[in-house]
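> Below are the sequence and a predicted model for it; my questions follow.
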Amino acid sequence: CDWSRRPLGEVTPGVAAGPDEVRASEHLHAAHPTRDVWRHAWTPARIRPRLALMTQVAHTIEPLSVDTWDAFAGLVERHGGIFGGCWCTYFHDCPAREPGYEGSRKAKRQLVEAGVAHAALVMVDGEAVAWAEFGTPAELPNIHHRKQYDAESDAVPDYRVTCIFVDKRFRRNGLARTALDGALDLIAAAGGGVVEGYPHEVGEKRMSNSFVYNGTRAMYEAAGFAFVRPKGLRNTVMRRTVAAA
């Protein structure tokens, strides 16, 4: 019997997890702190939310700027440039961008220096471990399914959230939502307005992180966004109004 692949106890639908199950999960996580993927896959679904809270990471939120560029660049570099070396430039209009990894890096740096690239950086012990990119439609015009979006558009938002990314070492700690909330706080500090996001409809089948690049519909709903309409395959348009801080 391979004990490492067994569920943490038999479960009964509709019955709250008992203390023994929670203690067992905590004990195994302490013994194997790096096995988050295994822990999530083989932990009863009804106690996963408790474990997520147990592993929440102390953090601060910093805006992307020239001052925080090195932290942002460190996160991107640790993950090979993100999504094939994009450096989170896809949603910008970069007609003069040079090709390849270095071209994208240079373009992103120039956008940051010009003050037209924005993101909420989740900082842990001086490192950026997650971000949520946001900006005006003029700053981030290149959303996916743009032809359909433009044809069906009923309003122009003040801001849009286009990309959320979490360091692979810190996933399953709720930091995608933390980054989204950080972006909304920065938008509020800038005067607020109507904010759109384009999260994904996620079914029972697990999707690659490269496909869930903007979080999930459930996460946006929990953050106060309302569903507006579908967009593309398993994409959505969601919207909320953020008051000025």
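Here it is on my side, so go on. Numbering: from 1, shown residues only.

> need the contact list for A107.
W87, T89, H92, C94, A96, R97, E98 (Cβ atoms under 8 Å, 6 or more residues apart in numbering). The C-beta positions use only the backbone N, C-alpha and C, and glycine is treated the same way.

> what helix or strand does it sit in?
helix 100-113 (DSSP states H and E).

> what kind of secondary structure is the closest residue to L175 other than its chain neighbours in?
Distance criterion Cβ to Cβ, 6 or more residues apart in numbering; nearest residue to L175, sequence neighbours excluded, is A130 at 4.3 Å. Recorded secondary structure, A130: strand (DSSP: H, G, I helix; E, B strand; the rest coil).

> Please look at A130 and V122 and confirm they touch.
Yes - contact status for A130 versus V122: in contact at 3.9 Å, counting by Cβ atoms under 8 Å.

> what is in contact with these two at once?
With Cβ under 8 Å, 6+ apart, A130 and V122 have common neighbours V166, L175, T178, A179.

> show me the contacts for the first one.
Shown in contact with V166 (Cβ under 8 Å, 6+ apart): V122, V129, A130, N173, L175, A176, A179.

> distance of it from M219?
To M219, V166 is 12 Å away according to Cβ to Cβ, to the nearest Å.

> Now do the shared contacts for these two.
Common neighbours of V166 and M219, using Cβ under 8 Å, 6+ apart, are A176.

> Pull the residues that contact the strand or helix carrying E77.
Taking DSSP H and E as the criterion, E77 maps to helix 69-78. Applying Cβ under 8 Å, 6+ apart, the external contacts of helix 69-78 come out as 62, 64, 82, 87-88, 105, 109, 112, 119, 121, 123, 126-131, 165, 167.

> Now, of the residues you listed, which are buried?
62, 64, 82, 87-88, 105, 109, 112, 119, 121, 123, 127-131, 165, 167 (16 or more other Cβ atoms under 10 Å).

> list the buried ones in the helix holding E77?
The neighbour-count criterion (16+ other Cβ under 10 Å) identifies W69, A71, F72, A73, L75, V76 as the buried residues of helix 69-78.

> residues contacting P141?
Here P141 is in contact with F91, H92, D93 (Cβ under 8 Å, 6+ apart).

> Closest one of those residues to A188?
Of all the contacts of P141, the one with the least separation from A188 (Cβ to Cβ) is F91, at 21.3 Å.

> Break down this protein into its helices, ranges please.
19-31, 36-41, 48-54, 69-78, 100-113, 146-152, 175-189, 217-222 (DSSP state H).

> what stretches of the protein score poorly on pLDDT?
1-56, 203-212 (pLDDT under 70).

> that older thread, just the buried subset of the contacts of A107, written out for ChimeraX, thanks.
Command for ChimeraX that selects the buried part of the contacts of A107, burial taken from 16+ other Cβ under 10 Å:
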select :87,89,92,94,97
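
> so which of the contacts of A107 comes closest to A190?
Using Cβ to Cβ, those come closest to A190 at H92, 18.2 Å.

> Report the separation between the closest one and V112.
11 Å.
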